[in-house]
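Visitor: task: produce atomic coordinates for the following.
(one chain, ligands or ions: 1)
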Amino acid sequence: MNKHRAVVIGAGIAGLSAAHFLSGEGIDVLVLEKEYGIGGRCKTFVSSGYCMDTGAQFIRDSYDRTLKSVVSLGYGEHLRFAPNKCSFVRNGKFTYFKPRSQNPFRSFPWGAIGLRETPSAIALLSLFLREYRRFDIRFPDRWNLEEAGKLEAFSHLIYGSGLEFLDAISRFALGSGADALSYGACLASLRMAFADHYGSFSKGTGMLVQAFSKGLKIMRGIEAVEVVMDGKKAIGVRARPSSRGRARTYHADIVVCAVPSMVTNAICPKLGIDARRLLRRVKYSSAIVSHIGVAGVIGAKGPVIFSRGEGFNASWLCTHRSKSDEIAPYGHTLITVVFSNPDNGLFSLPDEKIIEISMKDASRALPGARIEPVFTKVFRHERARPIFSPGYSLLLREFLQKGSGVKNLFLVGDYCSSPTIEGAFESGHFAAKQVISAVGS
Ligand SMILES: Cc1cc2nc3c(=O)[nH]c(=O)nc-3n(C[C@H](O)[C@H](O)[C@H](O)COP(=O)(O)OP(=O)(O)OC[C@H]3O[C@@H](n4cnc5c(N)ncnc54)[C@H](O)[C@@H]3O)c2cc1C
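Guide: As a prediction, the model looks like this:
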């Protein structure tokens, strides 16, 4: 396989995952990243001893593929599952890690759904538990055609139980209202809400990026401007330095595009019709992540979820105690407030105003705690997460079966039904498998 060369565009989790698995197969891989830092929406910014996750905050114990790879790459010791007390990994092995809660009642966000919705939660929970093993709800788009009935059956199961309840769940898990989500994304949000445990890394989720970038050839500060085609075949990527300078072509016989959909649309000139249709359907919601450093140790062990209608602007918050003691300096607390409601109109406000609003919400959510900031920092994502509209997952299934429409061009990242780290990672892995079977045949 040594003669094959792949160029991967984008060093987020999806691109790094594809590059990692491809180079594991002996393919010569080059990753092009337009920023000087890698990780995309999964980065940790370190300042004054605080490790601040700028985008993705948590991994979950259902992220099977991510976790297995992290452990095999030797980063197991850095995994932390704070709410479960005993759960971290020693000597590269899952010694103390308990996969998935045996008691989802305990990890369910009761606070988010409120008293009124509790009866439907209980009804759904028992149905869900009965059906849980039958459905691989992380990636329903991967169900094969004989299992087509599954999607309908499960969607009936969940939509039948009332939108208000689902709305709380999906806001909690994915930051979008249920009415904007596909079945697939709803299923993923249920899985997260009911049965998963939260985890992080000793120095933040950016450690994931460190793990997956190990040994890879990555050119930073290089922006791809076009996938170069020769007839129906991709033959390379034209890219230029992000600062300034001339563009050049990086030749390859495999191209993996791991960037948000509007970038893919702009730089891939000859996609198939299914891929184009899919890309046009992906819409993004914005998000703001605000960090407040406080002297003294305060805060709940798990994340605190804010339900709608309670007058909060933010969607949820967590402290370093929900993640890992090591992300805040000794004797300090890092409070992270996340605004992921797409229609809250806060995005244009200046940082000081965001901090003021974060402090107000945090004071209500952590009653009795003295919140006097010694440090603040705000991160914004104009395109935080795809909002999967209804019908999207069906389109996605077609797309995954047919591909990009160009035999040696693979699209990964936001085109999977789980807009999460595991979804990004899994899509990179999936593409690598397709590449291997294509070049092997
Ligand atoms: C605020 C927030 C909170 C989140 N919380 C969670 C969470 O708790 N758990 C979870 O699992 N997921 C979470 N997510 C989702 C998760 O972060 C994403 O699904 C995942 O990181 C996406 O990875 P990706 O590789 O597909 O895309 P990205 O991370 O966006 O990577 C794309 C990369 O491509 C680069 N790029 C773009 N254009 C070009 C170009 N022309 N040339 C070269 N490079 C280019 C970008 O700079 C970027 O580095 C969250 C996301 C946000 C924003």
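
Visitor: contacting residues around the spatially closest residue to Val406 that is not a sequence neighbour?
Guide: Leaving aside its sequence neighbours, Val406 sits nearest to Ala234 (C-beta to C-beta, 6 or more residues apart in numbering; 5.6 Å). Glycine gets a C-beta too; all of them are placed from N, C-alpha and C. Shown in contact with Ala234 (C-beta atoms under 8 Å, 6 or more residues apart in numbering): 227-228, 252, 254-255, 406, 408-409.

Visitor: hang on, Ile254 packs against Lys3?
Guide: No - shown here, Ile254 and Lys3 do not form a contact pair, counting by C-beta atoms under 8 Å, at 11.3 Å.

Visitor: could you list which residues are in contact with Asp253?
Guide: 4-6, 235, 408, 439.

Visitor: please apply the same query to Ile38.
Guide: Contacts of Ile38 by C-beta under 8 Å, 6+ apart are 11-12, 16, 209, 213, 218, 220.

Visitor: pLDDT of the biggest strand by length in the chain, averaged?
Guide: Secondary structure of the chain per DSSP state E: the longest strand is strand 373-387. Per-residue pLDDT over strand 373-387 has a mean of 92.

Visitor: neighbouring strands for that strand, and are they parallel or not?
Guide: Sheet pairing for strand 373-387, assigned by DSSP bridges, gives strand 283-295 (antiparallel).

Visitor: same question for the partner strand, mean pLDDT?
Guide: 93.

Visitor: is that strand anywhere near the ligand?
Guide: Yes - in terms of C-beta under 6 Å from any ligand atom, part of strand 283-295 sits within range of the ligand, namely 287, 289.

Visitor: and if you look at stretch 245-255?
Guide: No - using C-beta under 6 Å from any ligand atom, stretch 245-255 stays clear of the ligand, coming no nearer than 11.1 Å.

Visitor: okay, how far is it across stretch 198-217, tip to tip?
Guide: 31 Å (C-alpha to C-alpha, to the nearest Å).

Visitor: quick one: that stretch to chain centroid distance?
Guide: 13 Å (C-alpha atoms, centre = their mean, to the nearest Å).

Visitor: equivalent analysis for stretch 10-22, please.
Guide: Centroid displacement of stretch 10-22 relative to its chain, using C-alpha atoms, centre = their mean, is 14 Å.

Visitor: CA atoms of it as CSV?
Guide: Written as CSV, here are the backbone C-alpha positions of stretch 10-22 (Å, rounded to 0.1, in the frame of the first residue of the first chain):
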residue,chain,number,x,y,z
GLY,A,10,-8.9,19.6,8.1
ALA,A,11,-7.2,18.5,11.3
GLY,A,12,-10.4,18.3,13.5
ILE,A,13,-11.2,14.9,15.1
ALA,A,14,-12.8,13.6,11.9
GLY,A,15,-9.7,14.4,9.7
LEU,A,16,-7.3,13.1,12.3
SER,A,17,-9.3,9.9,12.7
ALA,A,18,-9.2,9.3,9.0
ALA,A,19,-5.5,10.1,8.8
HIS,A,20,-4.8,7.9,11.8
PHE,A,21,-6.5,4.8,10.4
LEU,A,22,-5.1,5.4,6.9
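
Visitor: now it: mean pLDDT?
Guide: Averaged over stretch 10-22, pLDDT sits at 97.

Visitor: for the stretch 151-300 of the chain, which residues are neighbours of the ligand?
Guide: Counting by C-beta under 6 Å from any ligand atom, the stretch 151-300 of the chain sits next to the ligand at 223-224, 258-260, 263, 267, 287, 289.

Visitor: and the furthest pair within those residues?
Guide: The largest separation in these, counting by C-beta to C-beta, is between Ile267 and Val289 at 27.5 Å.

Visitor: who has more neighbours out of these two?
Guide: Val289 (25 against 18; other C-beta atoms under 10 Å).

Visitor: wait, doesn't Gly15 sit right on Phe21?
Guide: No - judged on C-beta under 8 Å, Gly15 makes no contact with Phe21 at a distance of 11.3 Å.

Visitor: what's the overlap in contacts for the two?
Guide: Counting by C-beta under 8 Å, 6+ apart, the residues touching both Gly15 and Phe21 are Gly428.

Visitor: who's more crowded, those two?
Guide: Remark: of Gly15 and Phe21, Gly15 carries more neighbours, 31 against 22, as counted by other C-beta under 10 Å.

Visitor: returning to what we had before: most neighbours among the contacts of Ile38, which one is it?
Guide: Leu16 (31 neighbours).

Visitor: and the gap between it and the ligand?
Guide: 7 Å (C-beta to the nearest ligand atom, to the nearest Å).

Visitor: doesn't that residue belong to a strand?
Guide: No - under DSSP: H, G, I helix; E, B strand; the rest coil, Leu16 falls outside any strand and is assigned helix.

Visitor: got a list of what it touches?
Guide: When contacts are counted by C-beta under 8 Å, 6+ apart, Leu16 touches 31, 38, 209, 212-213, 216, 428.

Visitor: again with Ser348
Guide: Here Ser348 is in contact with no residue (C-beta under 8 Å, 6+ apart).

Visitor: ok so it is a helix residue?
Guide: No - the assignment for Ser348 by three-state DSSP gives coil, which leaves it out of any helix.

Visitor: which two from the contacts of Asp253 end up farthest apart in space?
Guide: Pairwise distances among these were taken by C-beta to C-beta; the largest, 14.9 Å, belongs to Ile235 and Val439.
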